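Chemist: Got a sequence here, can you model it:
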Amino acid sequence: MKIRKEFSVNYLNQWDKNGIVYRQTINLSMETLDKLKDILQAEVVFPRWAVDNPYKKLYLKSSFGRIENGFVFMNLTQKEFFYKFLKNKLKKPLLDRNTYFYIIN
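Modeler: Here you go, the predicted structure:
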């Protein structure tokens, strides 16, 4: 069994239920995911960036939060949002790819 470390990044392909391929993985614990969800919820309710880009709120709110077999899929806007909070902890920089979280135990 392979041991997965939190905040590691790899490039294994994974497909969501709609057939979209995600080519970048961030390993996270459930505790870290819960913290990120709280940060996202606060940002959606009290957006600091709505003046710059009123459409960004739509992309931050859409389709994040459901865990499917240990995977949480997100769009590119959400990836950029979370990267602000994770960049100091990640082992590698994130590429401009569809990204998903893999929940580790």
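Chemist: Out of the helices and strands in the protein, which is least certain?
Modeler: When the helices and strands of the chain are compared on mean pLDDT, DSSP states H and E, helix 56-61 comes out lowest with a mean of 68.
Chemist: right, and the helix or strand after it?
Modeler: Sequence-wise, the next helix or strand downstream of helix 56-61 (DSSP states H and E) is strand 71-73.
Chemist: Could you name the helices and strands sitting against the following helix or strand past that next one?
Modeler: Secondary structure here is assigned by DSSP H and E; on that basis, the next helix or strand after strand 71-73 toward the C-terminus is helix 76-86. Packed against helix 76-86 by the contact rule (3 or more CB pairs under 8 Å, 6 or more residues apart in numbering; DSSP states H and E) you find helix 30-45, helix 56-61. Just so you know, the C-beta spots here come from the backbone N, C-alpha and C atoms, and that holds for glycine as well.
Chemist: For the nearest residue to F81 once chain neighbours are set aside, give its distance to L94.
Modeler: In space, F81 comes closest to L60 once its chain neighbours are excluded; the distance is 6.1 Å by CB to CB, 6 or more residues apart in numbering. Look at L60 and L94: by CB to CB, to the nearest Å, they are 17 Å apart.
Chemist: which stretch of helix or strand covers L28?
Modeler: Here L28 is assigned to strand 24-29, by DSSP H and E.
Chemist: how far does that strand sit from the chain's center?
Modeler: Taking the mean C-alpha point of strand 24-29 and that of its whole chain, the gap between them comes to 8 Å (CA atoms, centre = their mean, to the nearest Å).
Chemist: same deal with stretch 37-51?
Modeler: Taking the mean of its C-alpha atoms, stretch 37-51 sits 15 Å from the chain's own mean (CA atoms, centre = their mean).
Chemist: L33 and Y83: what is the separation?
Modeler: Remark: distance between L33 and Y83 (CB to CB) = 15 Å.
Chemist: Settle it for me: which of those two has more neighbours?
Modeler: L33 (17 against 14; other CB atoms under 10 Å).
Chemist: Who are the contact partners of the more buried one?
Modeler: V72, F101, I103 (CB atoms under 8 Å, 6 or more residues apart in numbering).
Chemist: Identify, from those, the entry nearest to R23.
Modeler: Relative to R23, the closest of the contacts of L33 is F101; by CB to CB it sits at 13.8 Å.
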